[in-house]
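A.B. asks: here are the coordinates; sequence isn't available:
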């Protein structure tokens, strides 16, 4: 009798995911007993392996495509074998025994995550990871109750499938929540940094890729000015951040003053020599040297070129008072420079 | 050509024919099909077919207690099953006649 029960159980296991399993296998045991009663030859020899029997049964009954089913059975069998092997290890046994105790915790978390997912999808505000108002708290509590109720319910097949789907969604939502929380933490850290070191934040008015990283002052008559020191209304130096745009201030030509514009910018193309000293391959900038900024076309008359020659920053005394005055006056005829952008 | 492939297409009709003769339990149906000449019919195929026809509402079933062996669940045709049998039998007769004449011509 035990061989019949074992064979029937193996067939049941092989058809574990059949949608009509109970109906299909209702009187399998009696049927197998009838066959076994007829002869002493073991069932396995007369009917073939249980998995093959199950497959033939499902094919005659109208089951899933045989190939797909076979692959699934194979995978299931392998997972079953692995599980059985691991069960011989005490730590794995302890883990398997402990996991069900975590279930109620997961039900609570799942309800919370699904509620927040729904609120974030339905709401128009920014994504958030905690309820923002009493209404949202009501939704969260309702969803948590629903999740626990659903978790405690007796499981039929449809409910199990739904549970798997909900768990997957909640798992993805949880992951999304972690990512959002990470962004929020980074944002809050930025805010803290800004409050700790107040700096002038440059908002663009020029439309150059949305942010200003260098400033090119011009005199009233269109002359490009160099070595202009800029301060805000409180007397703080106006500092840009060219390093955020792939440029760096060239420090190889003397001391650099970060609020003296235009900044001598170079692209961050350094070569590092054997001594480990990084140095730029770019030449020391002068006011007329090409810069990474959109340059002003040379529209000035030839005659004024020698007059307008401005000293390089290296020749200057940094922090000089009224550096603007160093720029010589121009003939009034100098055309207004055309911005290239 | 493998006769088990042909059998797959007509197993419903074969099972209905056996049960139209008289009611039977699962293994009894298998045995009677084999005795009729369908030697290679698979036990699982017959069992699966019986369960499917039962689910489709073509069969009645009742359990008969047995002193020496297990309880036997007997299956028999109900009205739906008899209509199904008549319909399948008609289709089969026509199909078999067509095939017979086709194959005769092929031989000629």
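C.D. replies: It's in. Predicted model only: the values in this text are computed from it and were never measured.

A.B. asks: at the geometric centre of chain B, which residue sits there?
C.D. replies: residue B:15 (1.3 Å; Cα atoms, centre = their mean).

A.B. asks: helix, strand or coil for it?
C.D. replies: helix (DSSP: H, G, I helix; E, B strand; the rest coil).

A.B. asks: OK, contacts around it?
C.D. replies: B:29, B:33, B:46, B:49, B:50, B:53 (Cβ atoms under 8 Å, 6 or more residues apart in numbering or on different chains). Where you see a C-beta, it was placed from the backbone N, CA and C, and this is true even at glycine.

A.B. asks: list the contacts for the residue of the stretch 1-150 of chain A found nearest chain B?
C.D. replies: Distance from chain B to each residue of the stretch 1-150 of chain A (Cβ to the nearest Cβ) is smallest for residue A:60, at 3.0 Å. Residue A:60 makes contacts with B:11, B:42, B:44, B:45, B:46, B:47, B:48, B:49, B:52, as judged by Cβ under 8 Å, 6+ apart.

A.B. asks: show me where chain B has helices.
C.D. replies: B:3-21, B:26-35, B:43-55, B:79-107 (DSSP state H).

A.B. asks: the longest one to helix B:43-55, inter-axis angle?
C.D. replies: Just to be clear, that refers to helix B:79-107. 130 degrees (axes from the mean of the first three to the mean of the last three Cα atoms, to 10 degrees).

A.B. asks: now helix B:79-107: mean pLDDT?
C.D. replies: The average of the pLDDT scores along helix B:79-107 is 90.

A.B. asks: next: the first one.
C.D. replies: Looking at helix B:3-21 alone, the average pLDDT works out to 89.

A.B. asks: in it, what counts as buried?
C.D. replies: B:7, B:10, B:11, B:12, B:13, B:14, B:15, B:16, B:17, B:18, B:19 (16 or more other Cβ atoms under 10 Å in any protein chain shown).

A.B. asks: just put those residues in CSV and tack on distance to residue A:238.
C.D. replies: Output for the buried residues of helix B:3-21, formatted as CSV (distance: Cβ to Cβ, whole Å):
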residue, distance to residue A:238
B:7, 91
B:10, 92
B:11, 89
B:12, 89
B:13, 93
B:14, 94
B:15, 92
B:16, 94
B:17, 98
B:18, 98
B:19, 97
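
A.B. asks: name the nearest of the residues you listed relative to chain A.
C.D. replies: For the buried residues of helix B:3-21, the nearest to chain A is residue B:11 (7.0 Å; Cβ to the nearest Cβ).

A.B. asks: wait, doesn't that closest one sit right on residue B:41?
C.D. replies: Yes. Using Cβ atoms under 8 Å, residue B:11 is in contact with residue B:41, at 7.3 Å.

A.B. asks: what's the closest non-adjacent residue to residue A:231?
C.D. replies: Of all residues not flanking residue A:231 in the chain, residue A:237 sits nearest, at 5.9 Å (Cβ to Cβ, 6 or more residues apart in numbering or on different chains).

A.B. asks: contacting residues for the residue in chain B that chain A sits nearest to?
C.D. replies: Closest contact between chain B and chain A, by Cβ to the nearest Cβ, is at residue B:48 (3.0 Å). For residue B:48, the contact set (Cβ under 8 Å, 6+ apart) comprises A:24, A:56, A:57, A:58, A:59, A:60, A:61.

A.B. asks: what about the second one, distance to residue A:30?
C.D. replies: The span separating residue A:56 from residue A:30 equals 19 Å under the rule Cβ to Cβ, to the nearest Å.

A.B. asks: packing partners for the longest helix along chain A?
C.D. replies: Secondary structure of chain A per DSSP H: the longest helix is helix A:157-196. For helix A:157-196, the packing partners by 3 or more Cβ pairs under 8 Å, 6 or more residues apart in numbering or on different chains; DSSP states H and E come out as helix A:103-122, helix A:134-152.

A.B. asks: and the ones you listed, which is most packed in?
C.D. replies: Burial of the helices and strands packed on helix A:157-196 is given as mean neighbour count (mean count of other Cβ atoms under 10 Å in any protein chain shown); helix A:103-122 ranks first at a mean of 18.

A.B. asks: pull the residues that contact it.
C.D. replies: A:127-131, A:136, A:139-140, A:142-148, A:150-152, A:166-167, A:169-170, A:173-174, A:176-177.

A.B. asks: now do that helix, average pLDDT.
C.D. replies: Helix A:103-122 comes out at a mean pLDDT of 88.

A.B. asks: relative to helix A:134-152, how tilted is that helix?
C.D. replies: Using the same axes, to 10 degrees: helix A:103-122 against helix A:134-152 is 140 degrees.

A.B. asks: where does pLDDT dip in the stretch 51-200 of chain A?
C.D. replies: Low-confidence segments of the stretch 51-200 of chain A, defined by pLDDT under 70: A:63-70, A:124-126, A:154-155, A:197-200.

A.B. asks: would you check how far apart residue A:91 and residue A:106 are?
C.D. replies: Distance, residue A:91 to residue A:106, using Cβ to Cβ: 21 Å.

A.B. asks: so residue A:80, which of the three states?
C.D. replies: Relying on three-state DSSP, one would call residue A:80 helix.

A.B. asks: list the contacts of it.
C.D. replies: By Cβ under 8 Å, 6+ apart, the contact list for residue A:80 reads residue A:13.

A.B. asks: and if you look at residue A:32?
C.D. replies: Residue A:32 makes contact with A:4, A:7, A:8, A:43, according to Cβ under 8 Å, 6+ apart.

A.B. asks: for residue A:29, the count of nearby residues, please.
C.D. replies: 19 (other Cβ atoms under 10 Å in any protein chain shown).

A.B. asks: apart from its neighbours in sequence, what residue is nearest it?
C.D. replies: residue A:8 (5.0 Å).

A.B. asks: domains in chain A, as residue ranges please.
C.D. replies: For chain A, automatic domain parsing gives the domain ranges A:2-88, A:103-196, A:204-341.
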